[in-house]
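*Asks:* Dropping a prediction and its sequence here:
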Amino acid sequence: MTLLISSLAPVLIVIVYIYVKDKFEKESKIALLKNFLLGAVVSVLISFVLYTLYNNYLPQSDELSVIDQFIKAFFVVALIEEFSKYIIVRYYTQPKNAFNEPFDGIIYAVIISMGFAAVENIFYVLEGGLYIAFLRAFTAIPAHATFAVIMGYFMGKAKFSDRKAYWNLIGLGGAILFHGSYDFFIFINFIPGVAIGAIISLLIGLILAKKAIKIHQENSFFKNKKISS
């Protein structure tokens, strides 16, 4: 039970944080729960299927090859995991009427990502124990949230743009870019000291995510209505 709580606590903290940041027109808790469960079930299932196809039908990477690890980080792990979240936002959440301001792209992308991250974290923590729970609480979980904010920022913009496909794909590409960068430096940890690149990548992502949240807060369709009331 301790390990389960330890694995889910940072996920809950991220959810509460992003919910509080949705200042002007909060989403239904039922809708958020549905999206969380979609992230925990559907996106995990999509990732599992794609990883299975990769493992069974494509050449496996050389663990000591920088090029192979680059390909694995960006075109396997980041692409599969971010696509599995993107597909839910794009085809389930974004078309709904409740998705009625740009910030909704951020909150739904984060909630879906936290569903995915919760399942992933449980497996890692049950295997690795409290040390892994502590480590991932300050690395992997914030990283998943950061990738989601970047994706959601552009998908929120896409909903109300004439260039919907363009901005949606920019969102997916941005999430893959930061996810791939983060994983790449971890994957090549056989090079001494290079893992610091993952922390730098995460910090840059966090700074951009904070700016993205602020921009969509400032541009909320409901800001003036909330202030006047």
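*Replies:* All right, it came through fine.

*Asks:* From the contact counts, what lies against the lengthiest helix in the chain?
*Replies:* Secondary structure of the chain per DSSP state H: the longest helix is helix 103-128. Helix 103-128 sits against helix 2-21, helix 29-38, helix 44-57, helix 79-88, helix 130-137, helix 140-159, helix 196-218, with contacts defined as 3 or more C-beta pairs under 8 Å, 6 or more residues apart in numbering; DSSP states H and E. Where you see a C-beta, it was placed from the backbone N, CA and C, and this is true even at glycine.

*Asks:* got the contact list for the fifth one?
*Replies:* Under the contact criterion C-beta atoms under 8 Å, 6 or more residues apart in numbering, helix 130-137 has outside partners Thr2, Leu3, Ser6, Ser7, Ala9, Pro10, Asn121, Tyr124, Val125.

*Asks:* Those, buried ones only, as a PyMOL selection?
*Replies:* With 16 or more other C-beta atoms under 10 Å as the burial test, the buried ones among the contacts of helix 130-137 are selected in PyMOL as follows:
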select buried, resi 3+6+7+10+121+125
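
*Asks:* Include distance to Leu177 and pLDDT when you put the contacts of helix 130-137 into JSON lines, please.
*Replies:* Converted to JSON lines, the contacts of helix 130-137 look like this (distance: C-beta to C-beta, whole Å; pLDDT from 0 to 100):
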{"residue": "Thr2", "distance to Leu177": "36", "pLDDT": "87"}
{"residue": "Leu3", "distance to Leu177": "32", "pLDDT": "85"}
{"residue": "Ser6", "distance to Leu177": "30", "pLDDT": "91"}
{"residue": "Ser7", "distance to Leu177": "27", "pLDDT": "92"}
{"residue": "Ala9", "distance to Leu177": "29", "pLDDT": "95"}
{"residue": "Pro10", "distance to Leu177": "23", "pLDDT": "96"}
{"residue": "Asn121", "distance to Leu177": "23", "pLDDT": "95"}
{"residue": "Tyr124", "distance to Leu177": "23", "pLDDT": "94"}
{"residue": "Val125", "distance to Leu177": "27", "pLDDT": "94"}
